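**Q** Following is a predicted model, sequence given first.
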Amino acid sequence: ILACAGMNVILCSRNVGKGLDARDTLPEELRSQVSVQKLDLADMQSVRDATNDILKNPFVAKGGLKGGGIDLIVNNAGVIDKKGDKQYSAQGLELTFAINHVGHHMLTRDLLPSVNQGGRVTTVSSLAHMFANAEKAIA
């Protein structure tokens, strides 16, 4: 939808191949407006690397396409641990917290200086927290 509205889009994905597959489902004339970027929100080094790559991307770089900068950041990734087994990020953070909160925060914080005046940050959430077992979480 964003590409259809004339925006250039950087689609971040843990799996670049799947990101490219998603881009390839778009009509041919829109594909050049979508760049795919590797980003694993569970790994803060991946977030830092992605941020650096995004800032160099011709869609964003000052003087680049359409003047550069970022008009919109959409944080739209999340996980829920259905098994209940604690898992941890590369940095030792509980995995759900790392992906759903810390990764998004770090990415947004690092990109914020490049958001154009009047730009927006949107974070999408779900009702997945309704499935959480608080007693098990604090045990």
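**A** Structure's in. What do you need? Residues are numbered from 1 along each chain as shown.

**Q** didn't T108 look like it was pressed against V74?
**A** No. In this structure, T108 is not within contact of V74 by Cβ atoms under 8 Å, at 10.3 Å. (Glycine included, C-beta is placed from N, CA and C.)

**Q** for G118, helix, strand, or coil?
**A** Put simply, G118 is strand when judged by DSSP: H, G, I helix; E, B strand; the rest coil.

**Q** Poorly predicted segments of the chain, please.
**A** Low-confidence segments of the chain, defined by pLDDT under 70: 63-66, 80-82, 128-139.

**Q** can you pull out the strands in this structure?
**A** Residue ranges of the strands in the chain, as given by DSSP state E, are 9-13, 34-38, 70-75, 115-123.

**Q** mind putting those in CSV, distance to A98 included?
**A** Output for the strands of the chain, formatted as CSV (distance: least, Cβ to Cβ, whole Å):
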stretch, distance to A98
strand 9-13, 15
strand 34-38, 17
strand 70-75, 14
strand 115-123, 15
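
**Q** Make CSV out of the ones you listed and add mean neighbour count and distance to L20.
**A** Formatted as CSV, the strands of the chain follow (neighbours: other Cβ atoms under 10 Å; distance: least, Cβ to Cβ, whole Å):
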stretch, mean neighbour count, distance to L20
strand 9-13, 19, 9
strand 34-38, 18, 5
strand 70-75, 17, 19
strand 115-123, 11, 24
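
**Q** before we move on, back to that, report the set of residues contacting both of T108 and V74.
**A** The contact sets of T108 and V74 overlap at T123 (Cβ atoms under 8 Å, 6 or more residues apart in numbering).

**Q** which residues in this structure form helices?
**A** 16-23, 44-56, 95-97, 103-111, 134-138 (DSSP state H).
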